[in-house]
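> Need a 3D model of the following:
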Amino acid sequence: MAKTPASVWRNPIHFVAFGFGSGAVPKAPGTFGTLAALLPWFFLASLPLWAYAWVLLLSFAIGVWLCQRTSDDIGVHDHGGIVWDEFVGLWITLMAVPMQWHWVLLGFVLFRLFDIWKLWPIRQLDARVGGGFGIMIDDVIAGVYAAVILQLLLFFFN
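As a prediction, this is how the structure comes out:
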């Protein structure tokens with residue numbers, strides 16, 4: 001992974017793109033970014049479903065801009081420390097999930113697995129789509145895959 005740029009601590013746009021600093025850890029920044037995304041999720045989870053969906057859409061749109069801007073500024077496309085995409089991906093995974101530790105943990109694990117495995121079409125999109133949209137879309141799809149599995153498990157076992 002490329003070195004964390006000092007601008008993460010000075011530039012508020014970079015700070016948010018780096019998951020409020022969580023993506024600056026030297027090992028497994030995606031996992032730490034996903035962990036950091038849990039804190040705002042606890043607040044999001046209390047919103048009505050329609051409001052949660054609007055926050056997701058807005059977070060995605062802002063994320064495209066944040067990731068593009070940060071990537072351009074630091075000169076590294078999809079720097080491993082840019083974890084705003086993990087925030088949005090996890091929030092997609094945990095949409096309409098009960099706030100019970102075992103479901104949240106399972107959602108976390110499923111999202112990380114899909115983000116790491118990069119199943120079709122995630123790997124292809126990751127390789128072919130550039131810019132902020134490219135940084136965001138693979139985690140959005142990983143979040144959708146994880147959400148579908150999690151919702152099926154909730155349906156059958158909750």
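> ok, residues contacting the least confident helix or strand in the chain by mean pLDDT?
Least confident element among the helices and strands of the chain, by mean pLDDT, DSSP states H and E: helix 122-128 (a mean of 83). Here helix 122-128 makes contact (C-beta atoms under 8 Å, 6 or more residues apart in numbering) with 114, 118, 134, 137-138, 141-142, 145. All C-beta atoms are positioned from the backbone trio N, CA, C, and that covers glycine.
> buried sites along the next helix or strand after it?
Sequence-wise, the next helix or strand downstream of helix 122-128 (DSSP states H and E) is helix 131-157. Buried residues in helix 131-157, counted by 16 or more other C-beta atoms under 10 Å: 131-147, 149-151.
> Pretty sure residue 33 sits against residue 22.
Yes. Under the criterion of C-beta atoms under 8 Å, residue 33 makes contact with residue 22 at 4.9 Å.
> Please enumerate the shared neighbours of those two.
residue 83.
> Now do the closest residue in space to residue 4 that isn't next to it in sequence: how many residues are near it, please.
Nearest residue to residue 4 in three dimensions, chain neighbours excluded: residue 24, at 4.4 Å (C-beta to C-beta, 6 or more residues apart in numbering). Using other C-beta atoms under 10 Å, residue 24 is surrounded by 20 other residues.
> For this protein, just list every one of the helices.
Ranges of helices within the chain are 12-17, 29-44, 49-74, 84-93, 101-117, 122-128, 131-157, based on DSSP state H.
> low-confidence ranges in the chain?
1 (pLDDT under 70).
> rerun at 90
Residues of the chain meeting the criterion pLDDT under 90: 1-3, 5, 77-78, 118-130, 158.
> who are the neighbours in contact with residue 115?
Contacts of residue 115 by C-beta under 8 Å, 6+ apart are 30, 34, 86, 89, 138-139, 142.
> Among those, which pair sits farthest apart?
Largest separation among the contacts of residue 115 by C-beta to C-beta: 34 and 138, giving 13.8 Å.
> hmm, back to that, among the contacts of residue 115, which one lies nearest to residue 78?
Of the contacts of residue 115, the one sitting nearest to residue 78 (C-beta to C-beta) turns out to be residue 138, at 9.0 Å.
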